[in-house]
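Participant: Got a sequence here, can you build the structure:
(one chain, ligands or ions: 1)
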Amino acid sequence: MSRILVTGGAGYIGSHTVVELIGEGYEVVIIDDLSNSQADVIDHIEEITGKRVPLHVFDLCDKSRLDQFFGSEGSLDGIIHFAAKKAVGESVEKPLLYYHVNILSLINLLKAQKEYDIPNFVFSSSCTVYGQPDKLPVSEETPRKDAESPYGNTKKISEDIIRDFARVNDDKRTIALRYFNPVGAHESGLIGELPSGIPNNLMPFISQTAIGLRDQLKVFGGDYPTKDGSAVRDYIHVVDLAKAHVVSMQRLIEDQQKSNYEFFNLGTGSGLTVLEVIRAFEEVNDVKIKYEIVDRRAGDVVQIYADTAYANDELGWRTERDLDDMVRTAWKWEQHLAQMRE
Ligand code: UD1
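Facilitator: Okay, the predicted model is just below:
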């Protein structure tokens, strides 16, 4: 049985990936500093899968603690690295924090990968590396652009570090996955996105408005050159995204790569406007979302969606969940959180 380290495994995408890995027979161990997640996620993963996953709570920037972990852990077949800071606005305010945490943790992990001879590595990247692309949809051949934020830049720099590392380490295999907009939650309603404070992202803001935690949603921009004036994104169900990580790890373990550093876009291939997402949430869940259209948000791109052909053909992976599934499970999760608060 293959053993996989999942960093950030208590987080949003990490926890869903842990569930899918266990479902495919992998043994999983998590490192998470719980800076943006909670330890009880491990209980919920156990409720869903019947497996108790070991959780090691520490910061990956602490190399000596990481050495202690690998020294006592026994052999591992791969690492899926989610742990990172991800708030775009905060990264503008605190650039050094973002460069420090996101880059140092990656370097420490790659060093450990070499020192402890762990062959396979899957990295969490983002479509933010494309900026506002000149041509849509965005394929893997689309050139990357200057990042709009320090957060985005950490993803770009991380990809470069991994590429350069792979060049001189033939025996190490890596896949970077460029996510479009992950939304929704596990069908059980037991795990999902847990934004701390006021959410920056659209879907948690919609569901918090629906449940009454927020007065109203601001739709950033109503005058974009799109079909209804609001911005377009490629929303992907988090479970489909999680499954892509399992498939990528399998590809690495089975040594099926074309080169030892590959990257793939993970989206559905179709763009949706903010207003379309709001409408779907209202209709599918039979709730009303109070919203107003306000000015554009600084740094937002007009529209972006993925060309999925390369991921479909090479990984043999495709999305199976639609917008209805995304808004339905997002609402189920928000209701679960409300019950927990009672
Ligand atoms: C961006 C990045 C993504 C990053 C994510 C982390 C791009 C293309 N994507 O996603 O890589 O991982 O931030 O936060 O750079 N919106 C509203 N009202 C709200 C919130 C959002 O109208 O209250 C709109 C936004 O203007 C945008 C869409 O909803 O058009 C999606 O926004 P969001 O969920 O924040 O994700 P991105 O900004 O696309």
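
Participant: alpha carbons only for contacts and neighbour counts from here, please
Facilitator: Will do.

Participant: which stretches of the protein form helices?
Facilitator: Taking DSSP state H as the test, the helices found in the chain are 12-23, 41-49, 63-73, 88-93, 95-115, 150-167, 202-211, 238-253, 274-285, 309-310, 323-341.

Participant: So for Thr142, which of those sits nearest?
Facilitator: Of all the helices of the chain, helix 309-310 sits nearest to Thr142, with 12.3 Å by C-alpha to C-alpha.

Participant: Contacts made by that closest one with the rest, please.
Facilitator: Helix 309-310 is contacted from outside by 139-140, 264-265, using C-alpha atoms under 8 Å, 6 or more residues apart in numbering.

Participant: Just put the helices of the chain in a markdown table and tack on mean pLDDT.
Facilitator: A markdown table is the format used below for the helices of the chain (pLDDT from 0 to 100):
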| stretch | mean pLDDT |
| --- | --- |
| helix 12-23 | 98 |
| helix 41-49 | 98 |
| helix 63-73 | 97 |
| helix 88-93 | 94 |
| helix 95-115 | 98 |
| helix 150-167 | 98 |
| helix 202-211 | 98 |
| helix 238-253 | 98 |
| helix 274-285 | 98 |
| helix 309-310 | 98 |
| helix 323-341 | 96 |
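
Participant: In a markdown table: those helices, plus distance to the ligand and mean neighbour count.
Facilitator: Shown next, in a markdown table, are the helices of the chain (distance: least, C-alpha to the nearest ligand atom, whole Å; neighbours: other C-alpha atoms under 10 Å):
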| stretch | distance to the ligand | mean neighbour count |
| --- | --- | --- |
| helix 12-23 | 11 | 23 |
| helix 41-49 | 21 | 17 |
| helix 63-73 | 26 | 13 |
| helix 88-93 | 5 | 16 |
| helix 95-115 | 13 | 18 |
| helix 150-167 | 7 | 20 |
| helix 202-211 | 4 | 22 |
| helix 238-253 | 13 | 22 |
| helix 274-285 | 5 | 18 |
| helix 309-310 | 19 | 17 |
| helix 323-341 | 13 | 19 |
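
Participant: how far away is Asp240 from Val57?
Facilitator: Computed with C-alpha to C-alpha, to the nearest Å, the distance linking Asp240 and Val57 is 27 Å.

Participant: who touches stretch 181-189?
Facilitator: Residues outside stretch 181-189 that contact it (C-alpha under 8 Å, 6+ apart): 16, 48, 191-193, 203, 233-239, 241, 267, 325-330, 332-333, 336.

Participant: Would you mind giving the helices of the chain as TSV with distance to Glu292 added?
Facilitator: TSV is the format used below for the helices of the chain (distance: least, C-alpha to C-alpha, whole Å):
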stretch	distance to Glu292
helix 12-23	28
helix 41-49	34
helix 63-73	47
helix 88-93	21
helix 95-115	31
helix 150-167	28
helix 202-211	12
helix 238-253	27
helix 274-285	11
helix 309-310	36
helix 323-341	20
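
Participant: Give me the neighbour count for Leu319.
Facilitator: Actually, residue 319 is Thr. It isn't Leu. Other residues near Thr319 come to 19 when the count uses other C-alpha atoms under 10 Å.

Participant: Need the phi and psi values for it.
Facilitator: Backbone torsions for Thr319, taken as degrees, to the nearest 10, come to phi -70, psi 150.

Participant: Disregarding residues adjacent in the polypeptide, which is nearest to it?
Facilitator: Leaving out its chain neighbours, the residue that sits closest to Thr319 by C-alpha to C-alpha, 6 or more residues apart in numbering is Asp240, at 5.4 Å.

Participant: which residues sit in contact with that neighbour?
Facilitator: Residues counted as contacts of Asp240 (C-alpha under 8 Å, 6+ apart) are 318-321.

Participant: Which of these sits closest to Leu97?
Facilitator: Each of the contacts of Asp240 was scored against Leu97 by C-alpha to C-alpha, and Thr319 proved nearest at 34.2 Å.

Participant: Do you know the pLDDT at the closest one?
Facilitator: Looking at Thr319, its pLDDT reads 98.

Participant: What residues does whatever residue of the stretch 51-200 of the chain ends up closest to the ligand make contact with?
Facilitator: The minimum distance from the stretch 51-200 of the chain to the ligand, using C-alpha to the nearest ligand atom, falls at Thr128 (4.0 Å). Residues near Thr128 by C-alpha under 8 Å, 6+ apart: 147-148, 152.
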